[in-house]
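Undergrad: Quick check, what structure comes out for this input:
(one chain, ligands or ions: 1)
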Amino acid sequence: MLRTPLCDLLGIELPIVAAPMGPSISGPELAAAVSNAGGLGIVSFGANPPPLLRRLVERVRELTDRPFGVNYLLPFTMPEQLDVCVELRVPVLSTFWGDPAPYVGAAHDAGLKVLHQVGSVADARRAVDAGVDAVIAQGAEAGGHVAGGVATMVLVPRVVDAIAPVPVIAAGGIGDARGVVAALSLGAAGVALGTRFLATAEAAAHAVHKERVVAATEEDTALTTMFGGGWPDAPHRALRTPFVAQWLGRGQQDDQPVIGESSFAGERIPVRRFWAVPPSADATGDVASMALLAGQAAGLVDRVEPAGDVVRRLAEGVERIVRELAGLVR
Ligand SMILES: Cc1cc2nc3c(=O)[nH]c(=O)nc-3n(C[C@H](O)[C@H](O)[C@H](O)COP(=O)(O)O)c2cc1C
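TA: Presented below is the predicted three-dimensional model:
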């Protein structure tokens, strides 16, 4: 059985985290499926209006009695949104893109654990100084918004060395059990996978998004600031769709045309071209030209399947590979 100190810290069986994918892809169904399989599911977008956030947390609790988390993109977070998770005693807060310091004290006082995602050694040190319980080290292969420029293979051991004994969770480019073993070898106490869990039955991603991830190879993503509508100058990795290929490297004007509709924060809203937000499962219009965020691990994803099966296969694969590797040592 695969166990690391992260399991004890978070009260989970397997050190496998479903990385939050906002604003609604990592909904209660995906989070609960991963937690029920022994990993840690994280619901995305703590910046939802508090009543909606409350409903999301309650829904996870209907689906699982295991630990789970809620993710906060800090540039969009208001204190009252954090209060919801503190009040509801959500077991784990995950934070990204900013300084977690203002949130850690209240979270700890209420018995919550805090995971902060970083893309550099300097940010990892700052997160530890702020008192977080574990750091997610995100390599530049990752899908979604990317905090640094260093690949997972280099970033993880550097962060591990810099902040020991605080546990490090490796993220970015991990798509199968081989990647999990690699991360553990680099000193990580766990892994966080986004792109792999996007192509699961429970993920609330649009069918086009899932299909494109399955069809993509590791070469079919681009790191860009193209989808900057509402979140400018924030690098992100997205599928290199025909739309992205057409617009890469070209300037964009304000005042973009509406290309469809999506659900966002509990409302139905028009989507303008280059909007930063990936399409909801029920988005309509030119979905293939929206922000189909995904990482290079798309090359390792060849089908949509239940999230629990993904977790179990990762865990079984790790045990098999570790035994094979042990056999190499004479
Ligand atoms: C579609 C998508 C949306 C994402 N949205 C968020 C988010 O809302 N908050 C966050 O902290 N990270 C977000 N991420 C980044 C993930 O937390 C994680 O760093 C990344 O998925 C890991 O790399 P991988 O995709 O190669 O597994 C997103 C990633 C993807 C693919």
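
Undergrad: which ones are touching Val86?
TA: Listed by C-beta atoms under 8 Å, 6 or more residues apart in numbering, the contact partners of Val86 are 106-107, 110, 112. In this view, the C-beta of every residue, glycine as well, is placed from N, C-alpha and C.

Undergrad: repeat for Val322
TA: Contacts for Val322 (C-beta under 8 Å, 6+ apart) come out as Val181.

Undergrad: Next one: it from the ligand, what distance?
TA: Separation of Val322 from the ligand (C-beta to the nearest ligand atom, to the nearest Å): 21 Å.

Undergrad: so is that residue in a helix, a strand, or just coil?
TA: helix (DSSP: H, G, I helix; E, B strand; the rest coil).

Undergrad: Chain neighbours aside, what residue packs nearest to the residue in the stretch 201-330 of the chain positioned nearest to the ligand?
TA: Residue of the stretch 201-330 of the chain nearest the ligand, by C-beta to the nearest ligand atom: Gly295 (3.0 Å). Closest residue to Gly295 in three dimensions, ignoring its sequence neighbours and counting by C-beta to C-beta, 6 or more residues apart in numbering: Gly143, at 3.1 Å.

Undergrad: circling back to that earlier point, so the residue of the stretch 201-330 of the chain closest to the ligand makes contact with Gly172?
TA: Yes - using C-beta atoms under 8 Å, Gly295 makes contact with Gly172 at a distance of 6.4 Å.

Undergrad: Overlap of the contact sets of the two?
TA: Listed as contacting both Gly295 and Gly172 by C-beta under 8 Å, 6+ apart are 141-142.

Undergrad: Near the ligand, which residues of the protein are found?
TA: 19-22, 25, 44, 71, 73, 96, 117, 138, 141-144, 171-174, 192-196, 198, 278, 293-295, 297 (C-beta under 6 Å from any ligand atom).

Undergrad: at 5 Å what do you get?
TA: With C-beta under 5 Å from any ligand atom as the criterion, the chain meets the ligand at residues 19-22, 44, 71, 96, 138, 142-144, 171-173, 193-195, 293, 295, 297.

Undergrad: Could you give the number of residues near the closest residue to the ligand within the chain?
TA: Using C-beta to the nearest ligand atom, the single residue of the chain nearest to the ligand is Gly194, 2.0 Å away. As a burial measure, Gly194 scores 27 neighbours (other C-beta atoms under 10 Å).

Undergrad: How much space separates the nearest residue in space to it that is not next to it in sequence from Arg55?
TA: Ranked by C-beta to C-beta, 6+ apart and with sequence neighbours excluded, the top spatial neighbour of Gly194 is Ala19, at 3.7 Å. Separation of Ala19 from Arg55 (C-beta to C-beta, to the nearest Å): 22 Å.

Undergrad: follow-up on the earlier one: just the buried ones among the contacts of Val86, please.
TA: Burial by neighbour count, judged by 16 or more other C-beta atoms under 10 Å, picks out 106-107, 112 from those.

Undergrad: Format those as TSV; extra columns: pLDDT.
TA: Conversion of the buried ones among the contacts of Val86 to TSV gives the following (pLDDT from 0 to 100):
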residue	pLDDT
Ala106	94
Ala107	96
Leu112	97
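
Undergrad: need the contact list for Leu293.
TA: Counting by C-beta under 8 Å, 6+ apart, Leu293 touches 21, 143-145, 227, 236-239, 278.

Undergrad: burial count for the nearest residue to it once chain neighbours are set aside?
TA: Closest residue to Leu293 apart from its sequence neighbours, by C-beta to C-beta, 6+ apart: Gly144 at 4.6 Å. Neighbour count for Gly144, taken as other C-beta under 10 Å: 26.

Undergrad: How about Gly144: which residues does it bridge to?
TA: Beta bridges link Gly144 to Arg237, judged by DSSP bridges.

Undergrad: if I read this right, it contacts Met21, doesn't it?
TA: Yes - when contacts are counted by C-beta under 8 Å, Gly144 is listed as touching Met21 (6.5 Å).

Undergrad: joint contacts of these two?
TA: Shared contacts of Gly144 and Met21 (C-beta under 8 Å, 6+ apart): 194, 293.

Undergrad: Just give the nearest non-adjacent residue to Asp302, would you?
TA: Val214 is the one closest to Asp302 (C-beta to C-beta, 6+ apart), at 6.2 Å.

Undergrad: So the one you found: helix, strand or coil?
TA: Classified using three-state DSSP, Val214 is helix.

Undergrad: List the contacts of it.
TA: 199, 298, 301-304.

Undergrad: So which helix or strand of the chain has the lowest pLDDT on average?
TA: Ranked by mean pLDDT, DSSP states H and E, the weakest helix or strand in the chain is helix 79-87, scoring a mean of 91.

Undergrad: If you count neighbours, what's buried in it?
TA: Those would be 81-82, 84-86, for helix 79-87 by 16+ other C-beta under 10 Å.

Undergrad: go on, stretch 27-39?
TA: 27-39.

Undergrad: Tell me where the stretch 1-150 of the chain has helices.
TA: Along the stretch 1-150 of the chain, counting by DSSP state H, counting those that start in this stretch, helices occupy 5-10, 28-36, 50-63, 79-87, 101-109, 121-130.

Undergrad: Alright, I will stop here.
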